[in-house]
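Peer 1: coords below, sequence missing:
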């Protein structure tokens, strides 16, 4: 009985970690896309739209600062931000 309970707890923990990681990656990707969009809009002198995009990204970033998961978030954020920039430069 105890082994069964431990098994279920272990499975639940693994699922939670998997879902949490995917959420962080997804949020990092959204924030990176919004930051890059904001930069493009600034270059096009669409300043009000750029500000809106930037503030949306900042809201996502702040969520991870509050949770003290900034380091994990930024690892993914930088990858997506730079990947998007390289694709747009081509």
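Peer 2: Yes, it's here. Keep in mind that this is a model prediction, so the values were computed, not measured.
Peer 1: Go through stretch 22-34 and flag the buried ones.
Peer 2: Within stretch 22-34, the residues scored as buried using 16 or more other C-beta atoms under 10 Å are 24, 25, 27, 28, 29, 31, 32, 33, 34. No exception for glycine: its C-beta is placed from N, CA and C like everyone else's.
Peer 1: Average pLDDT for that stretch, rounded please.
Peer 2: For stretch 22-34, mean pLDDT rounds to 92.
Peer 1: Please, which helix or strand holds the spatially closest residue to residue 76 that is not a sequence neighbour?
Peer 2: The spatial neighbour of residue 76 that comes closest, neighbours along the chain excluded (C-beta to C-beta, 6 or more residues apart in numbering), is residue 28 at 3.6 Å. For residue 28, the enclosing helix or strand under DSSP states H and E is helix 2-43.
Peer 1: one step back: the residue nearest to residue 76 reaches residue 80, doesn't it?
Peer 2: Yes. Using C-beta atoms under 8 Å, residue 28 is in contact with residue 80, at 5.8 Å.
Peer 1: pLDDT score assigned to residue 41?
Peer 2: Among the per-residue scores, residue 41 shows a pLDDT of 95.
Peer 1: who touches the nearest residue to it once chain neighbours are set aside in this structure?
Peer 2: In space, residue 41 comes closest to residue 50 once its chain neighbours are excluded; the distance is 3.7 Å by C-beta to C-beta, 6+ apart. By C-beta atoms under 8 Å, 6 or more residues apart in numbering, residue 50 lies in contact with 38, 39, 41, 42.
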